[in-house]
Every structure is written in C-alpha cells, then in structure tokens.
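Participant: pasting a predicted model and its sequence here:
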Amino acid sequence: MLTRRAPWTSFLLTVVTLVIAAAVLRAAWTIEVELCGNTRPTTHQYNQAKQHAKLRADDGDTIPLPQTAEPVPQVASDQKRTSQTNLSHPGADDSSRGELPRSDQDPVPLLDQTLCLPVVVNPRPTVHETADTEAPPIRKTPAVHESTSRRPRQPRVEATLDPALPVVLEVPRSTAAASIAVDHEHVADLPIIQVVADARAEAPRDDPEEMPGNYLPWWQQKISSSFRGDSQPQPVSVDALILGALRYSPRVRAVSNTPLIREAAITEAEARFDWRSFMDSRFSATSEPVGSTLTTGGPSRFREQNWRYNAGVRRTTETGGNFEVAQRIGYQDNNSVFFDPTQQGNARLSLSFTQPLLNGSGRAYNQSLIVLAQIDADMASDEFSKLLQDHLLEVTRAYWELYLQRALLLQKQRLLAQATAIHERLEHRRGVDALESQIVRAKAAVASRKAEIIRCEMTIRNSESKLRVLVNDPALLAGEQIELVPSESPARDLIEISLQDSLTAALEHRPEILQAAKNVRAASVRLGISEKELLPALDLITEAYVSGLRGQSDIGGALGDQFSEGQPSFSVGLVFEVPLHNRAAKARRQQRRLELQQLTYQLQQTTDTLRAEVEVAVRIVETAFREMHSKYRSMLAADAEVNYLSERWRVLPGEDQVASFLLEDLLDAQQRQATEEADFVTAQVNYTVALAELKRATGMLLEAESVSSTRTCSDGLPQMILDRQPATAPSN
C-alpha cells in the first residue's frame, strides 16, 4: 500500500513545489522590473530614440524599441525566420526583459540603450480591429511569413515613440505564465498585445498629429474669471482695446496730426500764385543849398515838399510771369521860379508784366513746389499709417501678453495645488511610512511654487498697466480697482496663407514702400527743377501807363486827366543774363541726379527688405501653427506621465528609497507638465500674434481692423477722428 501511494505523494509534492517556486519567481521579477522602471533615459538616449523612431516611421516599417547591447534572444522555429515581435515575459533572462528584438531582415540596428518596461498583466484582452477609416498607426504591424499572407488582417501592435514615458503591456491571462513567442504559423490566432502610455486608459485612436478643432484647455474658462476678490473685473477684447486706442490714446492723436500739418504746406505752396495788394506812401521835405541859378532861378536854397502814394495789386502767374497794376498819386511844390504850375497834383496808372522765357519759365517748373508739398503730405499719411499700425500691433501684443500671464498663473496655481496635496498626504503619513526627507522635499516644492505665483501676479499687474497706457480709455483708468479680464481666445484653426498674395499685398499697401516710391518721385521733380535752372535767364518786360497833372493841389483833376488827356505810354524790352561757367546750376543738377540714384537704390533695398519680412512673417505663422500642435502633443504626453507617476506613487509604500526616487520623479514630472502647458499656451499666443504681425507685414492691419477716419474742425483747427467700422453681418 505504501509502495503504491509513494508515486502519488511525490507527484503532489512536486506540483506544490513548482507552484510555490513560480509564485516566488514572479514576485521577485515584478519588484525588479518596477525598480528598473524608475530608471529614466538620458537626454542623449531620448534624442537618439526619437531620431531612429522617426526614420523608421518615415520608411513605413516597424519602429523598434531600444534594447541593450547584449545578445538578442533567438526565436526557435523549424521554418524560415520572419520579422516577428517577441516580448520577454517573467521567467526569461533579465538582460532581454522589456525589449523588442528585431529579426535579421531588419536593416536598421536597434539602439544601444536600455529601456525597462514595468509590466502589468491585464486579464482582459483588448483588441482593436483595423477599420477602413482608421487613423495612421503609430506602429506598423510586423511582417508576416508568406504562408500566412492570405490570412485576415491582424490587429496592429501600437507602441509609444517616447522611451522616456512609462509603458504598460496588456496581455491575456492565458499567456501570462509563458513567454510570448510569435510563430509564423499562429500569428492569426494570437490575441492583441497593446502598448499604451497610460495604465488607466487605452491608446487614443485619433490622429496625434492634429489638435481637435473643438479642443479647449482646462484653463480657458478660468481665464475669464476674476483673480482678485477686491477688484472689479472688466472684460476686454482685442477689438475693444483697439477701438479705445483709436479714440483716446495720446500717441494716436499725436501721430494723426502729422498729415494735417503737412497738408497745410500744400496750401502754402499754392498761395505763391495768389493776388497780393500793396501800398506805398511817403512824404519828404527838402532844403538844400544850390550851386547854380538854373536850379531855383534865383533863391540861394532849394526848398521842396513832395508826397507820393502808390497802391495796386500784383500776382505771379503759374507760368512764372509777374503781373502788376498800380495807381500812383502825389503832391509836389518847390520855390523854383521854373516850377509851373505850382502846388501840382499828379496821378499815374501803370500796367506791367514780366515773363521769363527760358530759366524759370513753364507751368511744371513753377508748380513744382506744390507737387513736392503734395508728395510730402502723402508721405506723412504713409508715416501715420505705419505708426498707427505699429501702435495697434503693440496693443494686440499687450493683450495677448496679459492672456498668457493669466494662463501661466492658473497653471502655476494648479502646480502649487499638486505639491500641496502631496505635502498634506505625506504629513498624514508621518510616522507611518513617510520619510522625513520626503516631507521636506515636498515642502520645498510648495515654497518654490508659491514664489513663482507671486512673481506671476506681479507680471499680470504690469501687463494691465501697459495696456492702460497704450489704450488710455477712461473706463480702464480706475487703477488697481479695475481688473482687466481677457474675453477673447487665441486662434487655433489653420489659416491658409499664400506667399505670393502676401507679397503682392505688401507691395500695394506697405507704407514703407509707398514712402520710398514717393521719395523717388520727389527726387525726380527736384531734378527737373535743376535742369530748368541750367538755361540762361531771358525775360520779356512790358509796361504801359497813363498820367495826369493839375496845379493848385488838384489831385482829383489829375486822376481824371489820366483817361481824358493825351494817350497811353508803353515800353517793351528783353533782359538776358547767363553765368559764364554756370557752375552753381551744374552742381545742383549733379546733386539731384545723385540723390535720385540714391533714392532708387533705397527703394530697391526697401522692397527687398520688406519682401524678406513678409516671407519671414509667413514662415512664422506656419511654424507657429505647427509648433502649437507639437506642443499640444507634448503636453498630452506630459499629462500621461504625471498621471502614471501619480498613480504609482499613490499605491507604492513610502518607507523605502524607491518611493523617495519616485516622489522626486513625480515632482519633476509635474514641473515638466506645467512647463509643457506653458509652452502650449505660449505657442497659441505666438500663433495669434503671428497672424497680426503678418497683417502688419503686408500693410493690411488697418484694413483688417476696419479702421476709418473722418475730418472735423475744432476751435478753428482741423482734426482727424479715428474709429472702427462695425463688422458687417454675413449674408444668409
């Protein structure tokens, strides 16, 4: 009887021993893998992993996970080896644990870094069948042997590309006790092996390259709420601030007077051809000794009283001629015996006209000052447009800077709340399993994050002060009692921008190009003036007059005699003058030609510079959009890392050194999460500001903001009133 029971007893003891040994080995392997999971790859390893992953993804091949430099475990098979996935399982060699070996057909060598994957066995198999409309996979399904090429398409194996993130492997319970070796004959029968980045969620099926159109970050709603309880919130938007700046900003008012000042110079130049009246009156009394009896006819001194009055109008014509009409009257009397009649009253009406025939002639020459004044006024309008666009762009930047700082404050407040929660949890576990070093580390993190919040609050107040100065709206000038609350969100959608259209718009609307072109035109006008001055002076002079004379101080009778007695007198002549070398005119002409050449080069330089600015602005917009999406993906990865480490730290006992390392990793991950969120909102703001800067680069900012101007008169002075036209409602 004992002999027959011995085999059964030995068999039962062997089975119990094997079960206990398997349990002990599994527990030891799990602890070791978790310890290895705390090891973070270096920055160099991370960059190399991303580079190789990108190259493999571009080639459409499988993206291999990094492995150690030790030999790769071989897959035993009687048939020809294929490119298969082999994930090490508990009980295998530690050197290959958590590695994805490659086949001999893989042309890209595996990385020489170690990536330890903490493995969690999930008894529920997760299968994602490939649909026709599925998003592009992160990892391509491994190649299958040709003998199985007719089998149905298998679920894909998905893996995170970032070796720095923790990875969880979900496998069926049926395969938990054995090493998973994918054989080419049974590929179709194997369940899915999914690699995800978060232990609590499955891998996202959306395209990670795109940010959802309806995505709103968690801080978006909170930005529009008040941060200071003792202040009055004042919602503001970019449109409202621009309207306030147009109406109340002293800087805008100052620059708006520049075109009005230059326009007054046009009237000044035109006034050169206005009619001018003149008047000349003089009385003289003479008492001189005479040296000849012919002067007085006897008296030894010559005594005379003479009064003259001359008045009339004159005008310079647009062709350069001088026209004058004058009436002269006078009274004259002396003691000469030859003076007859005595006490003479005289009158003379004269008409004269002088016309240049060469130098100084012509309508273009004489109206050149008006043309230059008009060009100068147009340049002043362009300068006003440039300065106004700069100011409105500065207002836009200040608004988004305020939005950015408020978002950063919310992020830092959440970061502080995370550190405070960790510190409170450690305080509650003091004396149980929390180490004093952990409590001190958490307390230091709380203090550091509080200091960052203080600095951020000051930056928000500074941004509000800058906005008040730029806008100067009376509704915003209540000081600290008013809290400016942004009500507008940054842009998220892609705006298609044509470089050619942007360059065309810049050439047509950019004030700097218009100014440079008008400078060239003004130089051409001045060159024409200098060429006209090279000619000699040849003037035609004509004059005609009538006169009258009466005695006994009868000035009125003399005025009548101008038209009733005698006939008109006239004279005609030419005046010619030319410098022998004419060096002054030649020097001026050479100077004007050099100025025209210089301004032409400056126009070319301005055009090339602004072309480069437009190209840079277009690239900045495109880059900012791609950067925003990249920061979005990076932010999601940082969130997943924090969630994973938070869950691990919550369930892991805290009395050993591993928990201290994990706490340090968690605090660092929270800081990286806040940094990624800050980078994301910064990228959002940069993209929105880049759109405004592109409008400024093309000279279309005022048109995009629907800025209009009207002329009024106040206290006898012209004024320019700026306003924004309301946006027209879209037609149904």
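Facilitator: Nice, I can see it. Computed from a predicted model, the values in this text were never measured in an experiment.
Participant: low-confidence stretches in the protein?
Facilitator: Low-confidence segments of the chain (pLDDT under 70): 1-11, 13-14, 21-210, 479-480, 652-658, 726-732.
Participant: from the centre of it, point out the most distant residue.
Facilitator: Farthest-out residue of the chain from its mean C-alpha position, per Cα atoms, centre = their mean: residue 298, at 97.4 Å.
Participant: wait, that one sits on residue 337?
Facilitator: Yes: the criterion here is Cβ atoms under 8 Å, and residue 298 meets it with residue 337 at 6.0 Å. Glycine gets a C-beta too; all of them are placed from N, C-alpha and C.
Participant: how much space between the residue nearest to residue 557 when sequence neighbours are not counted and residue 312?
Facilitator: Distance criterion Cβ to Cβ, 6 or more residues apart in numbering; nearest residue to residue 557, sequence neighbours excluded, is residue 550 at 4.0 Å. When distance is defined by Cβ to Cβ, to the nearest Å, residue 550 is 21 Å away from residue 312.
Participant: Three-state assignment for residue 489, please.
Facilitator: Assigned with DSSP: H, G, I helix; E, B strand; the rest coil, residue 489 falls in the coil class.
Participant: give me the number of residues near it?
Facilitator: Residues lying near residue 489 (other Cβ atoms under 10 Å) number 14.
Participant: let me see the backbone angles for it.
Facilitator: As for residue 489, its main-chain torsions (degrees, to the nearest 10) stand at phi -100, psi 150.
Participant: the strands in the stretch 451-600 of the chain, which residues?
Facilitator: Secondary structure of the stretch 451-600 of the chain (DSSP state E, counting those that start in this stretch): strands located at 482-486, 537-550, 569-577.
Participant: what packs against the second one?
Facilitator: Using 3 or more Cβ pairs under 8 Å, 6 or more residues apart in numbering; DSSP states H and E as the contact test, the elements touching strand 537-550 are strand 344-356, helix 555-564, strand 569-577.
Participant: could you pull out the helices for the stretch 351-500 of the chain?
Facilitator: With DSSP state H, counting those that start in this stretch as the criterion, the stretch 351-500 of the chain has helices at 363-366, 368-428, 436-471, 499-509.
Participant: tell me the secondary structure at residue 721.
Facilitator: Using three-state DSSP, the structure places residue 721 in strand.
Participant: on the three-state scheme, the closest residue to it other than its chain neighbours is what?
Facilitator: Closest residue to residue 721 apart from its sequence neighbours, by Cβ to Cβ, 6+ apart: residue 710 at 4.9 Å. Using three-state DSSP, the structure places residue 710 in strand.
Participant: quick one, what contacts residue 710?
Facilitator: For residue 710, the contact set (Cβ atoms under 8 Å, 6 or more residues apart in numbering) comprises 720, 721, 723.
Participant: filter these down to the buried ones.
Facilitator: Neighbour-count burial (16 or more other Cβ atoms under 10 Å) applied to the contacts of residue 710 gives residue 720.
Participant: from the contacts of residue 710, which is closest to residue 490?
Facilitator: The nearest member of these to residue 490, counting by Cβ to Cβ, is residue 723 at 26.1 Å.
Participant: ok, what's across the strand from the closest one?
Facilitator: For residue 723, the beta-bridge partners are residue 708 (DSSP bridges).
Participant: surely it and residue 247 touch.
Facilitator: Yes: counting by Cβ under 8 Å, residue 723 does reach residue 247; the two are 7.2 Å apart.
Participant: give the contact list for residue 540.
Facilitator: Going by Cβ under 8 Å, 6+ apart, residue 540 touches 354, 355, 356, 357, 572, 573, 574.
Participant: that older thread, of all the strands of the stretch 451-600 of the chain, which one comes closest to residue 526?
Facilitator: strand 537-550 (20.0 Å).
Participant: which positions within the closest one qualify as buried?
Facilitator: 537, 538, 539, 545, 546, 547, 548, 549, 550.
Participant: I'd like the residues you listed as JSON lines, with distance to residue 383 appended.
Facilitator: As requested, these are exported to JSON lines (distance: Cβ to Cβ, whole Å):
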{"residue": "537", "distance to residue 383": "38"}
{"residue": "538", "distance to residue 383": "42"}
{"residue": "539", "distance to residue 383": "40"}
{"residue": "545", "distance to residue 383": "52"}
{"residue": "546", "distance to residue 383": "56"}
{"residue": "547", "distance to residue 383": "57"}
{"residue": "548", "distance to residue 383": "60"}
{"residue": "549", "distance to residue 383": "63"}
{"residue": "550", "distance to residue 383": "64"}
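Participant: which one of the residues you listed is nearest residue 669?
Facilitator: Checking the buried residues of strand 537-550 against residue 669 with Cβ to Cβ, the nearest one is residue 537 at 89.1 Å.
Participant: tell me what that closest one is bridged to.
Facilitator: When assigned by DSSP bridges, residue 537 has beta-bridge partners residue 577.
Participant: about what we covered before: which among the strands of the stretch 451-600 of the chain is found nearest to residue 347?
Facilitator: Counting by Cβ to Cβ, and looking across all of the strands of the stretch 451-600 of the chain, nearest comes strand 537-550 at 4.8 Å.
Participant: name the residues that touch the strand of greatest length in the chain?
Facilitator: Ranked by residue count and defined by DSSP state E, the top strand of the chain is strand 301-316. For strand 301-316, the external contacting residues (Cβ under 8 Å, 6+ apart) are 272-290, 295-296, 322-336, 366.
Participant: now the buried members of the residues you listed.
Facilitator: With neighbours counted using 16+ other Cβ under 10 Å, these contain these buried positions: 295-296, 324, 326, 328-336, 366.
Participant: sort out for me which of these are in helices.
Facilitator: The helices, defined by DSSP state H, take in 295, 296, 366 from these.
Participant: list just the nearest of these to residue 532.
Facilitator: Checking those against residue 532 by Cβ to Cβ gives residue 366 as the nearest, at 9.7 Å.
Participant: the closest one reaches residue 322, doesn't it?
Facilitator: No: judged on Cβ under 8 Å, residue 366 makes no contact with residue 322 at a distance of 11.3 Å.
Participant: am I right that residue 234 is in contact with residue 483?
Facilitator: Yes: with contacts counted by Cβ under 8 Å, residue 234 reaches residue 483, the gap being 6.5 Å.
Participant: which one's more surrounded, those two?
Facilitator: Between residue 234 and residue 483, residue 483 has the larger neighbour count (other Cβ under 10 Å), namely 21 against 18.
Participant: phi and psi next, for the nearest residue to that one once chain neighbours are set aside.
Facilitator: Leaving out its chain neighbours, the residue that sits closest to residue 483 by Cβ to Cβ, 6+ apart is residue 231, at 4.0 Å. Backbone torsions of residue 231, given as degrees, to the nearest 10, read phi -120, psi 160.
Participant: wait, isn't residue 231 in contact with residue 484?
Facilitator: No: applying Cβ under 8 Å as the test, residue 231 and residue 484 come out as separate, 9.6 Å apart.
Participant: the two - which one has more neighbours?
Facilitator: Shown here are residue 231 and residue 484; by other Cβ under 10 Å, residue 484 has more neighbours (24 against 17).
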